[in-house]
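Trainee: Only the shape, not the letters, is given here:
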């Protein structure tokens, strides 16, 4: 696969969501480079668990994986200004998409996108708008697709593979929302 097609840097929140993006990219000329940058994930053990699952999958598929830093304190400082949805989600999306666009430039990728567009639990339109805005500001090309069409398939495939599937988005606020019900 090396040398054929165009590189697309895929910001990956978790391995199961990447399966939806990978399914979408099948049959295209786009070659994914995975980028795990999720400063929102708490606790750190959860962050490590998600990264380990993605690493294992990337190795089985021969996909390059780059890992950004864990900047949880920075995320909290920004998110605590207004920890309610959608304000905190905007901060989170923006942090991750800005890092992804910079990494796309470093990796020599023609495009960048995010697995956030695969989950029905994310604010899809906000992710799309912020991706477009980030691309304009950084001079990179945003690849938009509604990956949610592959969500059910990806979740089933993740179960078949015995892949770790988390129960909440990642931040301490979403963990509380998920389990306090």
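Mentor: Arrived safely, thanks for sending. Every value quoted in this text rests on a predicted model; they were computed, and no experiment measured them. Numbers count the residues shown, from 1 in each chain.

Trainee: how much space is there between residue 66 and residue 127?
Mentor: The spacing between residue 66 and residue 127, counted by Cβ to Cβ, to the nearest Å, is 20 Å. (Each C-beta comes from the backbone N, C-alpha and C, glycine too.)

Trainee: between those two, which one's more packed in?
Mentor: Set side by side, residue 66 and residue 127 give different neighbour counts by other Cβ atoms under 10 Å, the larger being at residue 127 (25 against 15).

Trainee: Next up, identify which helix or strand the more buried one is on.
Mentor: Assigned by DSSP states H and E, residue 127 falls within helix 124-138.

Trainee: which residues of this protein score low on pLDDT?
Mentor: For the chain, the stretches with pLDDT under 70 are 1-4.

Trainee: picking up where we left off before, so what touches the helix holding residue 127?
Mentor: Outside of helix 124-138, the residues that reach it under the criterion Cβ atoms under 8 Å, 6 or more residues apart in numbering are 86, 89-90, 93-94, 97-98, 100-102, 105, 112-114, 116-117, 140-142, 144, 146, 148.

Trainee: Buried only: go through those for me.
Mentor: Burial by neighbour count, 16 or more other Cβ atoms under 10 Å: within the contacts of helix 124-138 this picks out 89-90, 93-94, 97-98, 100-102, 112-114, 116-117, 140, 142, 148.

Trainee: Show me what the helix or strand just after the helix holding residue 127 is in contact with.
Mentor: Helices and strands here follow DSSP H and E; after helix 124-138, the next one along the chain is helix 151-161. Counting contacts by Cβ under 8 Å, 6+ apart, the residues outside helix 151-161 that touch it are 15-17, 19-20, 23, 57, 118-120, 165.

Trainee: Neighbour-wise, give me the winner out of the residues you listed.
Mentor: Neighbour counts for the contacts of helix 151-161 peak at residue 118, which has 31 neighbours (criterion: other Cβ under 10 Å).

Trainee: packing partners for the helix ranked longest in the chain?
Mentor: As far as residue count goes, and with DSSP state H defining each element, the longest helix of the chain is helix 87-107. Contacts of helix 87-107 with other secondary structure elements, assessed using 3 or more Cβ pairs under 8 Å, 6 or more residues apart in numbering; DSSP states H and E, are made with strand 6-11, strand 30-36, helix 72-79, strand 111-114, helix 124-138.

Trainee: closest one to residue 171 among the ones you listed?
Mentor: Using Cβ to Cβ as the measure, helix 72-79 is the one of these that comes nearest residue 171, at 7.0 Å.

Trainee: ok, and what's touching the closest one?
Mentor: By Cβ under 8 Å, 6+ apart, the list of residues contacting helix 72-79 from outside reads 39-42, 44, 47, 87-88, 91-92, 95, 171, 173.

Trainee: No further questions, thank you.
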